[in-house]
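Q: No sequence on hand, only this structure:
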DNA sequence: TTTAAATCGGATAAAATTATCCTGTTTAAA
DNA sequence: TTTAAACAGGATAATTTTATCCGATTTAAA
């Protein structure tokens, strides 16, 4: 569904958010540990999230990553997915055709569009804050 | 969403089906051309579809691929997806966690399960025959 | 002021996926 | 019977994705 990079990105973002809710800053090492992700790869992804404005970094000793409550509220999951994976998952043809649309549809076009629309609606209506709250309260988890 | 191999597999299967509806046998070359897919890679995929019982091959000169009407009716899209990509798309966690379930859910678990269920329902309720008919009648397409 | 912790970013490596090549076998038609 | 078209399947190559490494820079604390 999503690339591994994207999965790591969402997990990392939610971890940073849940800690920011408690006014804690987290390092890449912390993030990788808490989300069971490879540390160097996670570092790369954190750079993308930072450049993309999803969260922000603080450099130097005692540095790490944080999010403002505004960022948590403003950031929909669909934005993280688009930032890392592009919009292929939201707009691409189910059978991989370059040009597939209502005028010249692939055999799966209608049915697939429906499901894809529901996926997009779900990710559009879910904010980082929505999910970070359950994580902070120990109701949900980011690793086994 | 699906691997390229899986996209090619569905496209190839639907092409074979639509031709079988007209009692025509198609070669790998025909299939690759009609579905805009790489021919050698398509050949590999046809072997998987043949071994998996989705369709069948006829060897030798004038050989190629065919499907019985029974195969078209019995084969759901979900079976092709499972054959080529496994069941990860139907059962996997949205955030890529190994163990993610209602007892110990990831933050996205509930919402993602819903959408994934709709995807599975759609692919479970769609047969090859359903889609091959529109293709045969020129209502849908497999390439630009 | 020095030191060490931490991010930044470029280079490289490993693994998985996608794609091609080539030889052998089967079989219909010449 | 010979020939050529077509699938089967193993080996290899290219590309993309995933992952690691390392030197440079930033900055808080010793």
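A: In hand now; what should we look at? It should be emphasised that the depicted structure is a prediction, and the values quoted were computed from it without experimental measurement. Numbers count the residues shown, from 1 in each chain, chains lettered A, B, ... in the order given.
Q: Show me which residues of chain A sit near DNA strand C.
A: A:27-29, A:43-44, A:46-47, A:50-51, A:57-65 (CB under 7 Å from any atom of the strand). Yep, even glycine has a C-beta here, placed from its N, CA and C like the rest.
Q: If we use 6 Å, what do you get?
A: Contacts of chain A with DNA strand C, taken as CB under 6 Å from any atom of the strand, map to A:27-28, A:46-47, A:50, A:57, A:59-65.
Q: Report the buried members of those residues.
A: A:27, A:28, A:46, A:57, A:64, A:65 (16 or more other CB atoms under 10 Å in any protein chain shown).
Q: OK, contacts around the fourth one?
A: Pointing back at residue A:57 there. Applying CB atoms under 8 Å, 6 or more residues apart in numbering or on different chains to residue A:57 gives the contacts A:46, A:50, A:63, A:64, A:65.
Q: do the same with the second one
A: Listed by CB under 8 Å, 6+ apart, the contact set of residue A:28 reads A:39, A:42, A:43, A:46, A:64, A:65.
Q: With respect to residue A:94, which of the residues you listed is nearest?
A: Closest approach to residue A:94 among those (CB to CB): residue A:42, at 30.9 Å.
Q: could you pick out which of the contacts of residue A:28 are near DNA strand D?
A: Near DNA strand D, by the rule CB under 6 Å from any atom of the strand, you find none of the contacts of residue A:28.
Q: Reformat those as TSV; add pLDDT and secondary structure.
A: Shown next, in TSV, are the contacts of residue A:28 (pLDDT from 0 to 100; DSSP: H, G, I helix; E, B strand; the rest coil):
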residue	pLDDT	secondary structure
A:39	98	helix
A:42	98	helix
A:43	98	helix
A:46	98	helix
A:64	98	strand
A:65	98	strand
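Q: And the residues you listed, which is closest to chain B?
A: Chain B lies nearest to residue A:42 out of the contacts of residue A:28, by CB to the nearest CB, at 12.8 Å.
Q: wait, that closest one sits on residue A:12?
A: Yes: shown here, residue A:42 and residue A:12 form a contact pair, counting by CB atoms under 8 Å, at 6.1 Å.
Q: Show me which of those two is the more surrounded one.
A: Taking other CB atoms under 10 Å in any protein chain shown, residue A:42 and residue A:12 do not tie; residue A:12 has more neighbours (27 against 21).
Q: Now name the helix or strand holding the residue nearest to residue A:82 when sequence neighbours are not counted.
A: Computed as CB to CB, 6 or more residues apart in numbering or on different chains, the closest residue to residue A:82 that is not its neighbour in sequence is residue A:90, at 7.3 Å. In this assignment (DSSP states H and E), residue A:90 forms part of helix A:88-91.
Q: any idea of the mean pLDDT in that helix?
A: Averaged over helix A:88-91, pLDDT sits at 96.
Q: just checking, next helix/strand downstream of the helix or strand containing residue A:70?
A: According to DSSP H and E, residue A:70 maps onto helix A:69-74. Next helix or strand after helix A:69-74 toward the C-terminus (DSSP H and E): helix A:77-85.
Q: Remind me what that next one packs against, helices and strands.
A: Contact partners of helix A:77-85 among helices and strands, from 3 or more CB pairs under 8 Å, 6 or more residues apart in numbering or on different chains; DSSP states H and E: helix A:4-20, helix A:39-51, helix A:88-91, helix A:109-124, helix A:128-136.
Q: shouldn't the residue nearest to residue A:82 be in contact with residue A:78?
A: Yes: between residue A:90 and residue A:78 there is a contact under CB under 8 Å: 7.2 Å.
Q: Next up, the contacts around the residue nearest to residue A:52 when sequence neighbours are not counted.
A: Of all residues not flanking residue A:52 in the chain, residue A:83 sits nearest, at 4.5 Å (CB to CB, 6+ apart). By CB under 8 Å, 6+ apart, the residues touching residue A:83 are A:9, A:48, A:49, A:52, A:54.
Q: From residue B:45, how far off is the second one?
A: If I follow you right, that is residue A:48. Using CB to CB, to the nearest Å, we find residue A:48 at a distance of 33 Å from residue B:45.
Q: Looking at the two now, which is surrounded by more residues?
A: Comparing residue A:48 with residue B:45 by other CB under 10 Å, the one with more neighbours is residue B:45, at 26 against 14.
Q: Good, wrapping up.
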